[in-house]
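# sequence first, predicted model second:
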Amino acid sequence: MAADSTEPKPAPAGDPAADSAAAAGTGTEPPKKFPKGVVLGKDGKPCRTCTSFASWATQTKSALKASAPPKDCPPDVEQLGRSTWTLLHSIAATYPPTPTPKEQADLKSFMHLFSKLYPCWVCAEDFQAYLRKQEVRTRSRDEFGNWLCEAHNEVNRKLGKPTFDCSKWEERWRTGWKDGRCD
Ligand SMILES: Cc1cc2nc3c(=O)[nH]c(=O)nc-3n(C[C@H](O)[C@H](O)[C@H](O)COP(=O)(O)OP(=O)(O)OC[C@H]3O[C@@H](n4cnc5c(N)ncnc54)[C@H](O)[C@@H]3O)c2cc1C
């Protein structure tokens, strides 16, 4: 679903240059102000899975002012992201070295559906755009693992994080590091 063009555009998750307040509301209601970094959902309400906990906590009144949320709270954009990358890289790690045509088609279709269903909508839209530019490569474990690593690096760059050396993706996600610390 595309964003309603009558609504003010929310600040993209992780954008350090984001506007100081996101405004929600349509037409007749006075727009509500939200603190810097709080990303709105397409319904105009704050989107928790699109917002970091630190930003989320600035507009709540509870114990969430603590430095980290209790473990059993809904995920913020970072927790959701870490868990999702773990799942995706683990799928790459267990993908066959020589997949059948059916396995390749299943992975392609999973990645396309994933990009539509990802719960942070701003992240999802950027990932869909990436998939249009860089078609998912599924002909082998090595090919998909490297494609995914590059896709993850694209998000790292967008967020101003260091990029990962993709020659090491299998050590990180499949075999464990050569120094034996994961054995
Ligand atoms: C598809 C997708 C799109 C996202 N888009 C956004 C967004 O638009 N805005 C936003 O704020 N957040 C977004 N996120 C979340 C963001 O990518 C991070 O997950 C989140 O900021 C937490 O980061 P982190 O530093 O804990 O490490 P993460 O980036 O979650 O990485 C987890 C671990 O993976 C390893 N790693 C890092 N880079 C790579 C790589 N290239 N290849 C293999 N392994 C690697 C490292 O060991 C790292 O500790 C997105 C997540 C996903 C899955």
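Sure, I can see it. Numbering: from 1, shown residues only.
# and Glu78, what does it touch?
52-53 (C-beta atoms under 8 Å, 6 or more residues apart in numbering). Just so you know, the C-beta spots here come from the backbone N, C-alpha and C atoms, and that holds for glycine as well.
# for the closest residue to Gly176 other than its chain neighbours, what are phi and psi?
Leaving aside its sequence neighbours, Gly176 sits nearest to Cys182 (C-beta to C-beta, 6 or more residues apart in numbering; 3.0 Å). With angles defined as degrees, to the nearest 10, Cys182 sits at phi -100, psi 0.
# secondary structure class of Lys33, three-state.
Of the three states, Lys33 takes strand under DSSP: H, G, I helix; E, B strand; the rest coil.
# could you count how many residues lie near it?
Using other C-beta atoms under 10 Å, Lys33 has 13 other residues around it.
# just the pLDDT at it, thanks.
Lys33 is assigned a pLDDT of 76 by the prediction.
# use 9 as the first number from now on
OK, 9 is where the count begins now, so the last one is Lys41.
# do you know how far it is from the ligand?
Per C-beta to the nearest ligand atom, to the nearest Å, Lys41 is found 21 Å from the ligand.
# what bridges to that residue?
Ala31 (DSSP bridges).
# okay, now the unreliable bits of this structure?
The model of the chain has pLDDT under 70 over residues 9-40, 69-74.
# so Pro170 versus the ligand, what's the distance?
Note on Pro170: its distance to the ligand, by C-beta to the nearest ligand atom, is 8 Å.
# correct me if wrong: that residue contacts Asn161.
No. Using C-beta atoms under 8 Å, Pro170 is not in contact with Asn161, being 9.3 Å away.
# looking at this structure, which residue is nearest the ligand?
Gly89 (2.2 Å; C-beta to the nearest ligand atom).
# enumerate every residue touching that residue.
Gly89 neighbours (C-beta under 8 Å, 6+ apart): 128, 131, 163.
# need the contact list for the closest residue to the first one other than its chain neighbours.
Pointing back at Cys128 there. The shortest distance from Cys128 to any non-neighbouring residue, by C-beta to C-beta, 6+ apart, is to Cys58 (4.4 Å). Cys58 is in contact with 18, 21, 47-49, 85, 128-131, counting by C-beta under 8 Å, 6+ apart.
# in TSV, list those along with secondary structure, distance to the ligand and neighbour count.
Below are the contacts of Cys58 laid out as TSV (DSSP: H, G, I helix; E, B strand; the rest coil; distance: C-beta to the nearest ligand atom, whole Å; neighbours: other C-beta atoms under 10 Å):
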residue	secondary structure	distance to the ligand	neighbour count
Pro18	coil	12	25
Ala21	coil	3	26
Val47	coil	9	27
Leu48	strand	14	25
Gly49	coil	14	19
Val85	helix	5	25
Cys128	coil	6	24
Trp129	helix	10	19
Val130	helix	6	23
Cys131	helix	3	23
